[in-house]
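Chemist: give the three-dimensional model of this entry:
(one chain, ligands or ions: 2)
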Amino acid sequence: MTRYRARQVGQDLQKTASDLARIAARPQDACTVPWGVCPEHGNTLTASGGTTRCTAAGCGRAWGYNRDTAPCAEPATHRLVDAEGTEALICDGHAIDARNRLVGGRIEPVPDR
Ligand SMILES: [Zn+2]
Ligand SMILES: [Zn+2]
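Modeler: Ligands and ions are numbered 1, 2, ... in the order given. Okay, the predicted model is just below:
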C-alpha cells in the first residue's frame, strides 16, 4: 500500500513537471486560452490515457498528452474582444471555437508582428 502510494505521487510529480515545462516553453505571442484545441478544427478534441485526438473527419491529428487540459501554445493570430471589452489573443483553432460561442464582442485578425 505504501509503495503504491509513493509511486502514485511520483507519477503525479512527473506529470506536473512536464506540464510546467510545456507551459514554460510557450512562446510570448502564444494563444492565451488555458486549454487546447485542434489548430484547424477548434473544440473537437477527445483525450484518454494521456493521448489526445481530434475527432473531426479526416483530421487525424493526435498529441501525446492531454491537450484539452493543457494551456494552448499555438501562435496567436486573432484578437478576441468580448462584450465587456476584455481583450485576449487567441489562435486559429480558438478563433473557430470562439466564433461559434461568442455572444456580443468580436474577433479580428492580428496583423503579422
Ligand atoms: Zn482537427
Ligand atoms: Zn489557442
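Chemist: now do the buried residues in stretch 86-106.
Modeler: Buried positions in stretch 86-106, judged by neighbour count with 16 or more other C-beta atoms under 10 Å: 88-98. Backbone N, C-alpha and C define where each C-beta goes, glycine included.
Chemist: please disregard the earlier target; I meant stretch 50-66.
Modeler: Residues of stretch 50-66 classed as buried: 52-54, 63, 65-66 (neighbour count, 16+ other C-beta under 10 Å).
Chemist: ok so, going back, between the buried residues of stretch 86-106, which is closest to residue 45?
Modeler: Taking C-beta to C-beta as the measure, residue 93 is the one of the buried residues of stretch 86-106 closest to residue 45, at 9.4 Å.
Chemist: list the contacts of the closest one.
Modeler: Taking C-beta atoms under 8 Å, 6 or more residues apart in numbering, we find residue 93 in contact with 37-43, 72, 74.
Chemist: now, which of those sits nearest residue 15?
Modeler: residue 72 (18.4 Å).
Chemist: from what I can see the closest one touches residue 27, true?
Modeler: No: if you go by C-beta atoms under 8 Å, residue 72 and residue 27 don't touch, sitting 11.3 Å apart.
Chemist: who's more crowded, the two?
Modeler: When residue 72 is set against residue 27 and neighbours are counted by other C-beta atoms under 10 Å, the residue ahead is residue 72, at 21 against 10.
Chemist: residues contacting residue 73?
Modeler: 22, 25-27, 30-31, 36.
Chemist: and the furthest pair within the residues you listed?
Modeler: Within these, two members stand farthest from each other by C-beta to C-beta: 27 and 36, at 14.8 Å.
Chemist: quick one: whichever strand or helix holds residue 99 near ligand 1?
Modeler: In this assignment (DSSP states H and E), residue 99 forms part of helix 92-101. No: judged by C-beta under 5 Å from the ion, helix 92-101 and ligand 1 are separated, with a smallest distance of 8.0 Å.
Chemist: if anything else comes up later, I'll come back, but that's it for now.
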